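*Asks:* structure for this input, please:
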Amino acid sequence: MHSRFSTFLCTLRYLRPIQIRYRAYYSLRNFFVLKKRYYPSSAIRGYCLSFDPFLPAFHSINNYNEFYFLNNQWSFHDRIDWNFNGYGKLWNYNLNYFDFLLQDNIDTAYAYKLVADYCIMINEIRDGLEPYPVSLRGINWIKFLSINNIRDTHIDDCLYYQYICLRNNLEYHLMGNHLIENGFSLLFASYYFRSDDFYKKAKTIITNELNEQILKDGGHFELSTMYHNIILYHLLDALNLVKNNSWKDHELFDLLKGKACLMMNWSTTISWNDGTIPQVNDAANYIAPTTKDLLNYASSFGIDKCKSRLTDSGYRKFENEKFEAIMDVGKIGPDYQPGHSHSDALSFEIRIKGKPIIVDTGTSTYEIGKRRSIERSTFAHNTVEIDDMNQSEVWASHRVGRRASVTIHNDDSKTCCASHNGYKKLGITHMRTFKFDEYSTFNIEDTLLGNHSSNKAVASFHFHPDVNLIITANKVVVNNDVTIFFENGDNMVACEYLYAPEFNKLIRAQCLKVTFHSQLKTRIEF
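*Replies:* The predicted structure follows:
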């Protein structure tokens with residue numbers, strides 16, 4: 001109990017005062033003040049906006065009232081239950097986002113009917129009226145109404161009510177990607193309703209949060225490639241809005257374009273050569289637009305493909321024509337919002353000849369439980385675990401208590417050496433050096449500094465499910481053309497793990513666990 005309480009206190013001490021203040025304020029207000037119900041007035045009018053073509057959404061409506069999100073499908077009969085939570089809250093969130101309005105094969109009349117039905121049911125909606133789904137749904141409704149030149153005062157009135165709810169519940173208690181999405185959505189609402197109040201708030205949030213959240217090298221400060229691309233997508237949508245509509249005289253255009261260029265360069269740099277993203281921290285395929293699609297979208301705003309040097313985001317990349325390696329030598333994430341972070345300091349992934357070889361375990365769920373705990377653990381990443389202990393105290397679904405601090409000692413185009421103090425309770429510092437011979441070899445050297453005479457150190461190597469392994473005493477042959485040698489390892493054991501390329505999708509694959517005493521040298525020849 002004491003340990004659990006101390007972890008809670010340690011988590012709490014990293015929060016900003018504004019987060020604590022708003023969490024307390026919202027809790028007290030919601031306890032003492034009844035939620036205002038929606039009463040139609042038809043007094044609010046929206047204005048259809050002009051846009052360049054948007055990226056089409058992933059297909060999530062298969063047939064009439066049949067929805068497919070996160071690899072789970074559900075068919076509603078006569079009417080959609082917008083509160084359906086049979087597959088968990090994240091599935092219900094996706095249902096309430098209304099991304100499907102932007103599918104390239106959506107029937108406009110059917111889509112309009114869904115929006116109208118939601119308006120009828122608005123007072124019964126639960127999770128869908130939380131600020132984050134309101135933010136994403138609001139943008140999608142405005143896109144849909146504008147693209148199809150639909151003018152409906154009842155929908156406009158209901159949409160305005162939702163934006164008043166958002167305006168009164170901005171996610172200052174969470175900050176991070178939630179708050180900036182609130183800002184992007186309010187910007188759309190301000191243009192659609194010609195609201196100076198919405199615009200003033202949107203401008204403040206967007207300006208402050210872009211400057212706070214986008215790092216110098218262009219990475220998003222939550223350090224998830226998936227959320228980076230999601231936010232870049234909505235940033236490009238905001239750029240689309242401001243470029244094509246003269247209300248407010250394109251005031252935010254230069255800010256939005258400058259940050260979009262930075263973010264696009266980062267995505268281009270860190271993505272694999274096929275345009276897919278490394279699954280670092282919370283990341284899964286088929287949630288965010290691909291980097292390739294974002295590049296095509298960005299080109300319409302004069303943003304070209306360009307790579308940049310990875311610095312303060314904490315990721316590094318070695319590559320040549322047949323080899324790619326992504327290394328994590330950064331901190332766990334923003335101190336006050338590490339909810340999408342994993343305990344993965346000094347982890348890495350590699351691809352050879354375009355094929356994934358050593359991979360991150362991935363993210364299959366946000367639901368609190370054993371699976372979520374495993375996927376965020378040190379054990380599930382390609383780094384070193386000591387005495388079955390996480391480097392950082394990841395707990396619940398999106399919480400972090402004590403966290404490892406990383407120090408970079410050497411950093412150039414062929415070598416990266418860093419250490420972290422996540423095992424300081426054990427009196428141990430883990431140092432890892434990555435060395436790249438661009439012709440044929442990738443070397444990893446793990447060193448334990450401090451008093452480690454009685455500790456159990458295990459280096460993990462998670463292989464992609466399609467990889468074929470031949471394991472001998474001190475080496476592994478991968479796909480008959482890659483050989484991994486281990487020096488100073490005490491024991492090498494192959495075991496099975498579950499690889500999660502997408503939400504709710506688990507594939508059996510092989511993992512190698514190598515125990516060692518004070519130093520382990522790994523050489524990958526390709």
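*Asks:* who does Lys521 form a beta bridge with?
*Replies:* Glu445, Glu487 (DSSP bridges).
*Asks:* likewise Lys355?
*Replies:* Ile352.
*Asks:* would you mind measuring from it to Thr276?
*Replies:* 12 Å (CB to CB, to the nearest Å). Every C-beta, even on glycine, is put in place using the N, C-alpha and C of the backbone.
*Asks:* same question for Leu346.
*Replies:* 23 Å.
*Asks:* quick one: which of these two has more around it?
*Replies:* Leu346 (28 against 16; other CB atoms under 10 Å).
*Asks:* now the more buried one: closest residue in space that isn't a chain neighbour?
*Replies:* Leaving aside its sequence neighbours, Leu346 sits nearest to Arg432 (CB to CB, 6 or more residues apart in numbering; 4.3 Å).
*Asks:* buried ones in whichever strand or helix holds that neighbour?
*Replies:* Element membership for Arg432 (DSSP states H and E) is strand 428-437. By 16 or more other CB atoms under 10 Å, the buried positions in strand 428-437 come out as Ile428, Thr429, His430, Met431, Arg432, Thr433, Phe434, Lys435, Phe436.
*Asks:* ok, so of the residues you listed, who is nearest Arg403?
*Replies:* His430 (14.1 Å; CB to CB).
*Asks:* that closest one against Cys417, yeah?
*Replies:* No - using CB atoms under 8 Å as the test, His430 is too far from Cys417 to be in contact (11.8 Å).
*Asks:* buried residues of the lowest-mean-pLDDT helix or strand in the chain, list them for me.
*Replies:* Each helix and strand of the chain was given a mean pLDDT (mean pLDDT, DSSP states H and E); the minimum falls on helix 2-13 at a mean of 85. Within helix 2-13, the residues scored as buried using 16+ other CB under 10 Å are Thr7, Thr11.
*Asks:* enumerate the positions of the helix or strand following that helix that are buried.
*Replies:* Downstream of helix 2-13, the first helix or strand assigned by DSSP H and E is helix 17-32. Buried residues in helix 17-32, counted by 16+ other CB under 10 Å: Gln19, Tyr22, Tyr26.
*Asks:* with distance to Tyr233 and pLDDT added, can I get the residues you listed in JSON lines?
*Replies:* Supplementary listing: the buried residues of helix 17-32 in JSON lines, determined by distance: CB to CB, whole Å; pLDDT from 0 to 100:
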{"residue": "Gln19", "distance to Tyr233": "26", "pLDDT": "96"}
{"residue": "Tyr22", "distance to Tyr233": "27", "pLDDT": "96"}
{"residue": "Tyr26", "distance to Tyr233": "28", "pLDDT": "95"}
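*Asks:* pick out whichever of those sits closest to Lys475.
*Replies:* Using CB to CB, these come closest to Lys475 at Gln19, 49.6 Å.
*Asks:* wait, doesn't the closest one sit right on Gly176?
*Replies:* No - using CB under 8 Å, Gln19 is not in contact with Gly176; the gap is 9.9 Å.
*Asks:* any chance you could map the helices in the stretch 101-250 of the chain?
*Replies:* Remark: helices assigned in the stretch 101-250 of the chain by DSSP state H, counting those that start in this stretch are 108-120, 131-147, 153-167, 176-193, 196-213, 225-244.
*Asks:* just say which of those helices is most tucked in.
*Replies:* Of all the helices of the stretch 101-250 of the chain, helix 176-193 carries the top mean neighbour count, a mean of 25, counting by mean count of other CB atoms under 10 Å.
*Asks:* from the contact counts, what lies against that helix?
*Replies:* Here helix 176-193 touches helix 131-147, helix 153-167, helix 196-213, helix 225-244, going by 3 or more CB pairs under 8 Å, 6 or more residues apart in numbering; DSSP states H and E.
*Asks:* adding mean pLDDT and distance to Trp82, write those out as a markdown table.
*Replies:* Below are the helices and strands packed on helix 176-193 laid out as a markdown table (pLDDT from 0 to 100; distance: least, CB to CB, whole Å):
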| stretch | mean pLDDT | distance to Trp82 |
| --- | --- | --- |
| helix 131-147 | 98 | 10 |
| helix 153-167 | 97 | 13 |
| helix 196-213 | 98 | 24 |
| helix 225-244 | 98 | 22 |
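*Asks:* among those, which is nearest Val406?
*Replies:* Across these, Val406 has its closest neighbour in helix 225-244 (18.2 Å, CB to CB).
*Asks:* residues in contact with the residue lying closest to Leu215 once chain neighbours are set aside?
*Replies:* Take Leu215 and drop its neighbours on the chain: the residue closest to it by CB to CB, 6+ apart is Asp312, 4.8 Å away. Neighbour list for Asp312: Leu215, Lys216, Asp217, Gly219, Gly330 [criterion: CB atoms under 8 Å, 6 or more residues apart in numbering].
*Asks:* for Ser518, see how far away the third one is.
*Replies:* Looking back up the chat, that one is Asp217. 34 Å.
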